[in-house]
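Visitor: Got a predicted structure plus its sequence, pasted below:
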Amino acid sequence: GMAQAALGAAGLHLDELNKLRVLDPEAAQQTAQLREECRAFLDKIVEFQKIVGSLIELVDQLAKAAEREKMKAIGARNLLKSMAKQREAQEQQLQALIAEKKMQLERYRVEYETLCKIEADQNEFIDQFIFQK
């Protein structure tokens, strides 16, 4: 008892194996426990970093996929726009063609009426000529 008290006064302690220690056994045990808790905490931090890392990677992949889909949608929209413009241009061409053909038809109609009148006049002249004889 006295030897232990003397050692304690000098800041030295005997452990359960009677080895000389600078820390008293309880402080040594608490230090070891704290070291273990720190190690476990560090392991959890590393694990957390891995999870966060994979989460960031996943979000990044989703963002890239969303960007690709957006580009596809923009492409499809532009294609539709250009197709609509093409259709509009075709429609205008056809309208112009229809107008042109209508004018041509009107010219033919007038020409036909004129020819019919000439034919009628000539027939009348022939009839008068025949009856005169």
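Guide: That came in fine, so what should we check first?
Visitor: so where do the strands sit in this protein?
Guide: Using DSSP state E, the strands of the chain run over 13-14, 20-21.
Visitor: Worst mean pLDDT among these?
Guide: Among the strands of the chain, strand 20-21 has the lowest mean pLDDT, at a mean of 60.
Visitor: Can you list the low-confidence ranges for this protein?
Guide: 3-25, 133 (pLDDT under 70).
Visitor: just the helices in the protein please.
Guide: 2-9, 25-132 (DSSP state H).
Visitor: now the ones you listed as a markdown table including mean neighbour count?
Guide: (C-beta placed from N, C-alpha, C; glycine too.) Below are the helices of the chain laid out as a markdown table (neighbours: other C-beta atoms under 10 Å):
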| stretch | mean neighbour count |
| --- | --- |
| helix 2-9 | 10 |
| helix 25-132 | 10 |
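Visitor: Excluding its own residues, what touches stretch 37-47? List them.
Guide: Outside of stretch 37-47, no residue comes within contact range by C-beta atoms under 8 Å, 6 or more residues apart in numbering.
Visitor: Could the C-alpha coordinates of stretch 81-89 be exported in CSV?
Guide: Only the C-alpha atoms of stretch 81-89 are listed here, as CSV (Å, rounded to 0.1, in the frame of the first residue of the first chain):
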residue,chain,number,x,y,z
LYS,A,81,-40.4,24.1,-86.8
SER,A,82,-38.4,23.5,-90.0
MET,A,83,-40.9,21.0,-91.2
ALA,A,84,-43.7,23.4,-90.5
LYS,A,85,-41.8,26.1,-92.4
GLN,A,86,-41.3,23.7,-95.3
ARG,A,87,-45.0,22.9,-95.4
GLU,A,88,-45.8,26.6,-95.3
ALA,A,89,-43.5,27.3,-98.2
